[in-house]
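Novice: 3D, please:
(2 chains)
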Amino acid sequence: MQDRVLLDVQHLKMYFPISGNGLLHRKTVPLKAVDDVSFSIIEGHTFGLVGESGCGKTTVGRTILKLYEATGGKIVYDGRDITAMTEKEYFPIRREMQMIFQDPMTSLDPRQTVNEIIGRPLMLQKLVSSKKERDERVQELLHMVGLKKDHANRYPHEFSGGQRQRIGIARALGLNPRFIVCDEPISALDVSIQAQVINILGDLQEKMGLTYLFISHDLSMIRHISHRVGVMYLGHIVEVADVEELYTSMRHPYTQSLMSAAPIADPEIAAASKRIILEGAVPSPLNPPSGCPFRTRCRFATDTCADRMPELKDVGGGHLVACHNML
Amino acid sequence: MSEHLLEVQNLRTSFVTGGGIVQAVRGVSMYVDRGEFIGIIGESGCGKSVSMLSVLRLLDDNAAVKADRIEFDGIDLQKQTRKSMRKILGRQIGMIFQDPMTSLNPLYTIGNQLTEPLCYHLKISKADARKEALNMLETVGINEPEKRLKQYPHELSGGMRQRAMIAIAMSCRPKLLIADEPTTALDVTIQAQIMELMAELKTKFTTSTILITHDLGVIASVCSRIMVMYGGKIMEQGTAGDIFYRPRHPYTEGLLRSVPGDGSGPKEKLIPIPGSPPDLMNPPAGCPFAARCKKAMKICGLAMPGLVDVAEGHKCACWLLYSRASGNREV
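Specialist: Residues are numbered from 1 along each chain as shown, chains lettered A, B, ... in the order given. Predicted coordinates:
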């Protein structure tokens, strides 16, 4: 298959207005959840987005799907700029861009049966013309994610976490999407169930040529499922590279410490590996440090890092790093 | 006999709920030696937290706890009254919970919550307790301890709150520390900080520690002995090496295979465990894992096997380890 870019995100910015502390002088301060993020995803590939909580990875996913109105930048999907599209113009494209949410309990309406949950989008997008056709399609979708036919008449609370996540996947698949944002789809699940969901996502990608934006904080799962990975810190992408390149020759100090902090499920390797323990915590995005956002916790920080935000530079082979003192 | 710091024999805990009786823990026996760092691993609902809460008698009234023996440092915990239990908890046994936001009291300052157990248990003056509190905060790596004493939990970050929680748990120098998923709510870089701190404190104070977690990665690096729980029972126990390199129970094997390996090619398929954990309202008569086990035999559905020694200190509860196993196999 020819490598064709399906989604291109350019200098995406998403600021949320937050009311300031002043009691009398109500000021709004922008919370820069996503600040100048650029990446692109090739059709049929998985782009993994990793980072700690609050780094803006979920906001990136939601902004791409136009669940938020981007403050700046461009989102180009399949050659069309969707950033400024109206709801009406976007409606037919929305079918192609779907989302799987983190928490399968809160993302399914507890008062709807599985049939309604999966079937309603089909009716809205006029993909089915009759109730009978809808029911058939729902059955087919349930089968695809490994659930039984008679599950259609049940309510979400009757399912386990893993099964609920399958319902969420079936709902997203119903519209024949081409692009799916998977926002931490496995982090609420038990280890033995995580692998089931990951395998379903992998099989579907193979069969239907789906493109994923896979958001997670689980580095080993990201490595397993992604073709290309972006590392985010405090609203910025600090490093992007093809998966093996990133995991074997990371160049950004943050990526390095993130990788070394990840727990390894192997006592001997864990004992042999040298951990870089970062000091302190992620700064508040309301009051980010000047220059490089990571400099307050970075071992290599110099004065330059406080002065200027480093640009995302290509260091060869599509490996991009934003650091003044890269490794 | 009582060389172990904590010894539990045949612990059974059940809860009376509107829907029926849930048998959360079904016959768990374990021990912890002095200075040992052990781990209990299992998925949600396997009974790992409940078994520890049962030992500490921290469960609500709808829980029925039975055991042949629960002995801590020569004291029979089952014979303690609520009042005498209070003298032990916090003093001899410290506990760290998963979510530091809900386990710290939002209405009291960190200083207040740190000095209270010191005054109560050690009967020292407020001024001395404050000194000790400052000392503890420094020990757990909280900077500007003077300032932190006056702050409320919401003013601290997640990692800081967990450090404060550890400081409170360790302040009376307990003999045993129980850490229930201490890093689950935290980010990886903060998780690494907290795990490092716990390992440090263990060597500093020679406290025995029980770490409860669902994360294979967290448990691999710190625990000397690991217990694998499933469906309210211990399925396998042994050293970290036994569990990770020489697992004998199909459940342990499955658990290890369902996480992506480190060196393996990224596109190698994961091998999930099919199905989901048993309903403990109606627990299966036999092995709780039988319904999901590829190697299950006829007998697995009928009776639960006992723990068998497979090597020195390595025990496993599986019918496959019995000599007649191969003859019983159903295809």
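Novice: my guess is B:Glu253 contacts B:Phe244. True?
Specialist: No. In this structure, B:Glu253 is not within contact of B:Phe244 by Cβ atoms under 8 Å, at 10.7 Å. Where you see a C-beta, it was placed from the backbone N, CA and C, and this is true even at glycine.
Novice: so where's the chain shaky on pLDDT?
Specialist: Here I'm looking at chain A. Residue ranges of chain A with pLDDT under 70: A:1-2, A:20-26.
Novice: looking at chain B here, not the other one
Specialist: Using pLDDT under 70, the flagged stretches of chain B are B:1-2, B:261-268, B:324-331.
Novice: hmm, try it at 50
Specialist: Flagging of chain B using pLDDT under 50 yields the residue ranges B:1, B:264, B:327-331.
Novice: of all the residues in it, which one is nearest chain A?
Specialist: B:Gly217 (2.6 Å; Cβ to the nearest Cβ).
Novice: count the residues that sit near that residue.
Specialist: For B:Gly217, the number of neighbouring residues by other Cβ atoms under 10 Å in any protein chain shown comes to 20.
Novice: can you name the residues that contact the residue lying closest to it once chain neighbours are set aside?
Specialist: Of all residues beyond its chain neighbours, the one nearest B:Gly217 is A:Pro263 (2.6 Å), with distances taken as Cβ to Cβ, 6 or more residues apart in numbering or on different chains. Going by Cβ atoms under 8 Å, 6 or more residues apart in numbering or on different chains, A:Pro263 touches A:270, B:188, B:191-192, B:195, B:215-218, B:220-221.
Novice: now the strands for the stretch 151-300 of chain B?
Specialist: Here the stretch 151-300 of chain B has its strands, by DSSP state E, counting those that start in this stretch, at B:176-180, B:208-213, B:225-230, B:233-239.
Novice: make sure A:Asp8 is indeed in a helix.
Specialist: No. Going by DSSP: H, G, I helix; E, B strand; the rest coil, the assignment for A:Asp8 is strand, not a helix.
Novice: can you count the residues close to B:Met304?
Specialist: 19.
Novice: B:Glu253 and B:Phe244: who's more crowded?
Specialist: Neighbours were tallied for B:Glu253 and for B:Phe244 using other Cβ under 10 Å; the higher tally belongs to B:Phe244 (21 against 17).
Novice: who's in contact with that one?
Specialist: Contacts of B:Phe244 (Cβ under 8 Å, 6+ apart): A:265-267, B:216, B:220, B:256.
Novice: how about a cut-off of 10 Å?
Specialist: A:265-270, B:216, B:219-220, B:226, B:238, B:252, B:256 (Cβ atoms under 10 Å, 6 or more residues apart in numbering or on different chains).
Novice: how about A:Glu206?
Specialist: Counting by Cβ under 10 Å, 6+ apart, A:Glu206 has contacts A:Gly44.
Novice: quick one, phi/psi of it?
Specialist: Dihedral pair for A:Glu206: phi -60, psi -50, per degrees, to the nearest 10.
Novice: could you check which residue of chain A lies nearest chain B?
Specialist: A:Pro263 (2.6 Å).
Novice: surely A:Tyr77 touches A:Gln10?
Specialist: No. The criterion here is Cβ atoms under 10 Å, and A:Tyr77 misses it with A:Gln10 at 11.9 Å.
Novice: give me the common contacts of those two.
Specialist: Joint contacts of A:Tyr77 and A:Gln10 (Cβ under 10 Å, 6+ apart) are A:Thr83.
Novice: looking at the two, which has the bigger crowd around it?
Specialist: Ranked by neighbour count (other Cβ under 10 Å), A:Tyr77 and A:Gln10 place A:Tyr77 first, with 24 against 16.
Novice: excluding its backbone neighbours, what's nearest the more buried one?
Specialist: Closest residue to A:Tyr77 apart from its sequence neighbours, by Cβ to Cβ, 6+ apart: A:Leu7 at 5.5 Å.
Novice: having no further points to raise, I will conclude here.
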